[in-house]
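Novice: Got a predicted structure plus its sequence, pasted below:
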Amino acid sequence: MSRISQSGSGKAWEYSVARSFSESLEVPIVENSIFFSALRAYQKLSSMERGKRERAACKAVSFLTEKETRLKNLEKVELQGDQRGGEGDVRDVLLVISDGTKIGLSMKNRHRAIKHSRLSSTIDFGKEWYALPCSQKYWEAVGPIFLRLKDKQGEAWSCHWDQESKHRNIYQLILRAFMEEIGRCATPNKLMEYLLGKYDYYKIIKENGHVKIQSYNMYGNLFWGKKLTLPTRIIEIKPKERSQTTVELTMDKGWQLSFRIHNASGRIEPSLKFDINLIGHPQNLSSVELSID
């Protein structure tokens, strides 16, 4: 079998769950370009890897079919493209009911990051994340740093900065400006709408030996899972202890996020990438872990 990328592995997982719903409930999958891309990724898997995904998908489908009684009227299954995430829709798979209702699934394959957003001299993260443009103070702080990166674009990082100086002269300066901007301007509920999505969904996480299902029932539209309350107040944002690349944001209602900044390539690019993870959530987030061994 051909080697498969991390992204391709994720697409194969989406296909596995979509197909399992289709076969179990005897409904069609919409055959669009996204479907065929996921199918090609699935076909690159070894037979052993396909089997693991099929068992995990079967467990998830069985659980949700029992909890979501609307699925007895399932009409079709549809895969969505990644670009919808920028529009506030993080659902990868849509289960379309006969009355037009859509039950969304967010698929994760052995990772739990909720976003991989970028920062650059042209990306206004404030406007994109919580509908408030970044301040002039933020642009004045980060502009010269990203200009340096643009001037050296395509060159190896190691030619200009060792790990320590990269963290001190690039990462930490940008993170400081980012923290100040979030603390000064961010609207918590809008921020979480961007990060978690504008629609309710079930997150299905495939791990080694088990599959986890979580209910992100922020707006009360899911049949399984307690309704979650979005935050209204930022408590603090600060660097993570003993880390030069990560900051942590704590809000009320039990929400806590981590933002790890990094260069996504060994070559210098005029932007940097965040791995954004949910490290704290309300106690009433409904979650179940199912063994697949």
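Specialist: Yes, it's here.
Novice: what residues does stretch 223-238 touch?
Specialist: If you take Cβ atoms under 8 Å, 6 or more residues apart in numbering as the criterion, stretch 223-238 is touched by 64, 67-70, 179, 182-183, 186, 188-189, 192-193, 202, 214-220, 247-253, 255, 281-282, 284-286. From N, CA and C alone the C-beta is placed, and that goes for glycine too.
Novice: Restrict these to the buried ones and give me that as a PyMOL selection.
Specialist: Buried residues among the contacts of stretch 223-238 (16 or more other Cβ atoms under 10 Å), as a PyMOL selection:
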select buried, resi 64+67+68+70+179+182+186+188+189+192+193+202+214+215+216+217+218+247+248+249+250+251+253+255+281+285+286
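Novice: Just the contacts of stretch 223-238: which are in helices?
Specialist: Using DSSP state H, the members of these that fall in helices are 64, 67, 179, 182, 183, 188, 189, 192, 193.
Novice: ok, the second one - contacts?
Specialist: Spelled out, it's residue 67. 223, 224.
Novice: Identify the bridge partners of residue 280.
Specialist: Beta-bridge pairing for residue 280 (DSSP bridges): residue 256.
Novice: Where does the prediction get shaky in the stretch 1-150 of the chain?
Specialist: Filtered on pLDDT under 70, the stretch 1-150 of the chain yields the residue ranges 1-3, 83-87, 111.
Novice: can you pull out the helices in it?
Specialist: Applying DSSP state H, counting those that start in this stretch to the stretch 1-150 of the chain gives helices spanning 6-25, 33-43, 47-67, 125-130, 136-151.
Novice: quick check, nearest of the ones in helices among the contacts of stretch 223-238 to residue 54?
Specialist: Of all the ones in helices among the contacts of stretch 223-238, residue 54 sits closest to residue 64, with 15.8 Å by Cβ to Cβ.
Novice: okay but that closest one is in contact with residue 74, surely?
Specialist: No - counting by Cβ atoms under 8 Å, residue 64 does not reach residue 74; the two are 10.6 Å apart.
Novice: domain ranges for the chain?
Specialist: Following automatic domain parsing, the chain resolves into domains at 6-109, 115-192+230-280.
Novice: and which of the ones in helices among the contacts of stretch 223-238 is nearest residue 266?
Specialist: residue 179 (26.9 Å).
Novice: wait, doesn't that closest one sit right on residue 247?
Specialist: Yes - counting by Cβ under 8 Å, residue 247 is a contact partner of residue 179 at 5.6 Å.
Novice: overlap in contacts of those two?
Specialist: Common neighbours of residue 179 and residue 247 (Cβ under 8 Å, 6+ apart) are 237, 238, 239.
Novice: What subset of those residues is buried?
Specialist: Buried members of the shared contacts of residue 179 and residue 247, counted by 16+ other Cβ under 10 Å: residue 237.
Novice: can you put the shared contacts of residue 179 and residue 247 in TSV and add distance to residue 146?
Specialist: Listed next are these as TSV, based on distance: Cβ to Cβ, whole Å:
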residue	distance to residue 146
237	21
238	23
239	21
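Novice: which one of the shared contacts of residue 179 and residue 247 sits closest to residue 126?
Specialist: residue 237 (14.0 Å).
Novice: So for the protein, the centremost residue is which one?
Specialist: Centre of the chain computed as the mean C-alpha position; nearest residue by Cα atoms, centre = their mean is residue 114, 2.6 Å away.
Novice: count of residues packed around residue 7?
Specialist: 11 (other Cβ atoms under 10 Å).
Novice: Please disregard the earlier target; I meant residue 226.
Specialist: Applying other Cβ under 10 Å, we find 14 residues neighbouring residue 226.
Novice: which one of the shared contacts of residue 179 and residue 247 is nearest residue 107?
Specialist: Set against residue 107, the nearest of the shared contacts of residue 179 and residue 247 by Cβ to Cβ is residue 237 (29.1 Å).
Novice: mind listing what residue 108 touches?
Specialist: Going by Cβ under 8 Å, 6+ apart, residue 108 touches 10, 13, 203, 204, 205, 206.
Novice: Kindly report the same for residue 255.
Specialist: By Cβ under 8 Å, 6+ apart, the residues touching residue 255 are 188, 192, 230, 231, 278, 280, 281, 282.
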